[in-house]
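K.L.:
Sequence and predicted model, in that order:
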Amino acid sequence: MNRPRFCARSTSLVLFASLLLISSAASAQPDPSIRDWGSPPGTPPPWQTADIWVDNDGNGTGNEVGEPSKGQVNRLFARVRNAGASPANNATVRFHFAPYGPWSPASWGNFKEIATVTGVNLGPAGSATAEQLIEVPWDLSNPSENNGGAWGGHILGEFDHFCVLVRIEMPGDANSANNHAQNNFVNVQTVFGKALSIKLLVANPGQTEARGELLARGLPEEWRSRFEGVPDTKGFALKPREFRVVTLTLQPPEVREEGAKPIRRHVDLSLQLGGQAVGGVSFDATVSKALPVQFPPSGGALSPYLIGTWDAREGRATTLQLVNPTGQYIFVWIAFFNDNEKPLKCVRERLSANRLLEIDVRKVVEGGFGVAKVVAFSSEEFTAPTAGVIGYQRQFTKAGTFSEAPLQQIPAEILKGDFRIIQAACK
C-alpha cells in the first residue's frame, strides 16, 4: 500500500524539478518587452500604458492636452526593457497608429506604420542598459491620409485623437506575450455647462456579421451623455469588415457658485463583439469654470495677436516661424482661413521658453491662398490672450526664391472683435 504512494510522490518531485529547470532555462533567455497596464487584468485596462507617450515641448511631461497634434510632426516615445537574464540583442521595435477607437488585436493590420527601429540592444534585466528610450517622429500633417483605405474609407482629418501600437520582434525571445502595447491619446477640456464631443472609429475585423455593444465605465451620473452613430449602444449589428464612426457627447452640469474648482473624470469605453470584449479606449475629461476673456494692453514689442498671409497656388509656398521670447511656457493657436474667410484648419501648440516653431503651410492646408491668425495664451484655459509671441513669414516663389517679413502685430483691442471668429475655428 505504501509503495504506490511513494512512487507517486517521487514522480511528483521529478515533475516539479523538471518544471523548475524549464522555468529557470526560460528566465535565462532574453525577454524584450513593453509594459501593458492591463497585465495582470485589472485597472487601468490593457489599452493604456505608461511606456508610450508624446512630448512635443520637451518639458518631460508627456500626453498633455495638444499632444499629439494634427498638422505637424510629433515626438513619439516608447520605453522598452529586457525582462530576461541574458542580453536581448538586435531587437526590432515597430510603431503604428490608427484613429481613436476600441481596436482589437484582430484589427492591428489596419494600423499604419509610423516608423521601425532596428538593432535595439538591451542588457540583462536589472542592469543599467536593460531599459532603452526610443524616440521616433510621428507625422500627422496630412489630413487626407487614409492608410490605403484600411480605415474603412475614413481619413486622418476626421479625427482629433489617435491610438498608437508598439510591437517588439526578436528571434529567441523567451516570452512573446509581452511584446506589444497600445496607448490612446486623448485629453479633453470644457467648461461647466458646455458640451464636449469625442469621435471614435468602431470596426468589425471578422468575416461574419457580429453583434456589437459599447460599454462605458466612469461616466458621471450628473452629466448627460449620448452616442451618435449606433442605434443602441447595448446592441447593434456590424457587417463583416464594417467601420463605423461613433460620437460620444458629454454635457457637464451648470455651476454657478463662485470659486468652483475644476473637476476631472476618467472614462473607459470598451467594445464587445459577439459577447466578447475585444478592445477599448480611455480618456480624461476636465471641466472648469468659464473665465471672462481678458485682453492685455497693446504696445511694446510683443503682441497677443499676429496676422499674415499664405500662398500655396501654382508651386508657391509659405512658412510661418513663431518664437516665444518670454522665458516661460505659452500656448498658441494658429488659425488658417482661405480668401473667402472660410476657416480651414487650426494648429495648437505649447511653446517652451525661446522655442522656435516653424510651420510649412502646405502640410496644413491644400492649395489656394488666405490668412493666418496667431493668438498667444498664458494658460490652457485659452481665455486670456497674452502678449508673448513674435513671428515671421517666408513666401516662396515657384522658382524657389523667397521674401521674408514679420507677421503683423495687431493691437489687443482689435483682437477683441476677431477673437470669436478665431475661437470658432479652433474649438
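P.N.:
Cool, the structure landed. Remember, predicted model here, so these are calculated numbers, not experimental data.

K.L.:
low-confidence ranges in this structure?
P.N.:
Residues of the chain meeting the criterion pLDDT under 70: 1-27, 36-44, 65-66, 71, 256-259, 290-302, 327-328, 354, 412-413.

K.L.:
So which residues of the chain form helices?
P.N.:
2-27, 412-426 (DSSP state H).

K.L.:
my read: Ala174 touches Asp31, true?
P.N.:
Yes: look at Ala174 against Asp31 with Cβ atoms under 8 Å: they come within range, at 4.4 Å. Glycine gets a C-beta too; all of them are placed from N, C-alpha and C.

K.L.:
Now list whatever residues contact both of the two.
P.N.:
Residues within reach of Ala174 and of Asp31 at once, by Cβ atoms under 8 Å, 6 or more residues apart in numbering, are Gly84.

K.L.:
Neighbour count: the two, which is higher?
P.N.:
Asp31 (27 against 21; other Cβ atoms under 10 Å).

K.L.:
mind checking how far the closest residue to the more buried one other than its chain neighbours is from Val93?
P.N.:
Nearest non-adjacent residue to Asp31, counting by Cβ to Cβ, 6 or more residues apart in numbering: Gly84, 3.4 Å away. Separation of Gly84 from Val93 (Cβ to Cβ, to the nearest Å): 16 Å.

K.L.:
And for Thr401?
P.N.:
42 Å.

K.L.:
Ok, His180 next?
P.N.:
According to Cβ to Cβ, His180 stands 10 Å off from Val93.

K.L.:
sorry, back to before: which ones are touching the residue nearest to Asp31?
P.N.:
By Cβ under 8 Å, 6+ apart, the neighbours of Gly84 are 27-32, 124-125, 174.

K.L.:
Residues in a beta bridge with the most centrally placed residue in the chain, which ones?
P.N.:
What sits nearest the mean C-alpha location of the chain, by Cα atoms, centre = their mean, is Phe185, with 3.1 Å. Per DSSP bridges, the residues bridged to Phe185 are Phe162.

K.L.:
Run through the residues that contact it.
P.N.:
54, 63, 67-68, 100, 161-164.

K.L.:
quick one: which of these is nearest Ala106?
P.N.:
Among those, Cys163 lies closest to Ala106 (Cβ to Cβ), at 14.5 Å.

K.L.:
Could you check how far the closest one is from Val186?
P.N.:
Relative to Val186, and taking Cβ to Cβ, Cys163 is found at 9 Å.

K.L.:
of the two, who's got more company?
P.N.:
Using other Cβ under 10 Å, the more surrounded residue of Cys163 and Val186 is Cys163, with 25 against 20.

K.L.:
Pretty sure the more buried one sits against Phe95.
P.N.:
No: using Cβ under 8 Å, Cys163 is not in contact with Phe95; the gap is 11.7 Å.

K.L.:
can you give me the strands for the stretch 51-200 of the chain?
P.N.:
52-54, 73-82, 88-99, 112-122, 131-139, 162-169, 180-185, 187-191, 196-203 (DSSP state E, counting those that start in this stretch).
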